[in-house]
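Visitor: Sequence and predicted structure, then a few things I'm wondering about:
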Amino acid sequence: MAVTRIVANLKAEDPMALAEFYKQVFALNLPFDMGWIAFLTRDATQKIELHTASQGGNDTELPVISIGVDDLDATEAAVRATGAEIVYGPTREEWGLRRFFFRDPAGNLINVVDS
């Protein structure tokens, strides 16, 4: 048996509004919308990764998902342009990772990582 994908499901009262937020911030595609669920994708080779953790590092709240980006500064600007709250960072952690956390419009805590 081989795992072929792992998908994050973010709870939202208005899935389409939240999908539009992520589409705008991360330049994602919206290929599928059933009203109660929206799929966001990006044409890229996906790495399968699942983390288990007791906290988000440096005693922060554990984010629901982590999103790797190639330009952390541009992503931070895109998040701020939506009015979403940056709640941690951007910072370079002592383990070398550069990241920030924000709350999406549904209240989910998201970790954005410079990959």
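Guide: Done, it's in.
Visitor: quick check: longest strand of this protein.
Guide: strand 85-92 (DSSP state E).
Visitor: C-alpha coordinates for whichever helix or strand comes after it, PDB please?
Guide: Per DSSP states H and E, the first helix or strand lying C-terminal to strand 85-92 is strand 98-103. C-alpha atoms of strand 98-103 as PDB (Å, rounded to 0.1, in the frame of the first residue of the first chain):
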ATOM      1  CA  ARG A  98      11.500  31.400   8.200                       C
ATOM      2  CA  ARG A  99       7.700  31.600   8.800                       C
ATOM      3  CA  PHE A 100       4.600  33.500  10.000                       C
ATOM      4  CA  PHE A 101       1.200  32.500  11.200                       C
ATOM      5  CA  PHE A 102      -2.100  34.100  10.300                       C
ATOM      6  CA  ARG A 103      -5.800  33.500  11.000                       C
END
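Visitor: Show me which residues of strand 98-103 are buried.
Guide: 99-102 (16 or more other Cβ atoms under 10 Å). Any C-beta I mention is one placed from the backbone N, CA and C, and that applies to glycine too.
Visitor: I would like the residues contacting that strand, please.
Guide: The contact list for strand 98-103 (Cβ atoms under 8 Å, 6 or more residues apart in numbering) reads 56, 60-61, 63, 72, 76, 79, 84-93, 109-114.
Visitor: For stretch 7-22, buried residues please.
Guide: For stretch 7-22, burial by neighbour count (16+ other Cβ under 10 Å) applies to 10, 12, 15-16, 18-22.
Visitor: So which elements touch the longest strand of the chain?
Guide: If you count contacts as 3 or more Cβ pairs under 8 Å, 6 or more residues apart in numbering; DSSP states H and E, strand 85-92 packs onto helix 72-82, strand 98-103.
Visitor: Indicate which one of those is closest to residue 46.
Guide: For those, the distance to residue 46 is smallest for helix 72-82, at 18.3 Å, taking Cβ to Cβ.
Visitor: Please point out which parts of the closest one sit buried.
Guide: Under 16+ other Cβ under 10 Å, the buried positions of helix 72-82 are 72, 75-76, 78-79.
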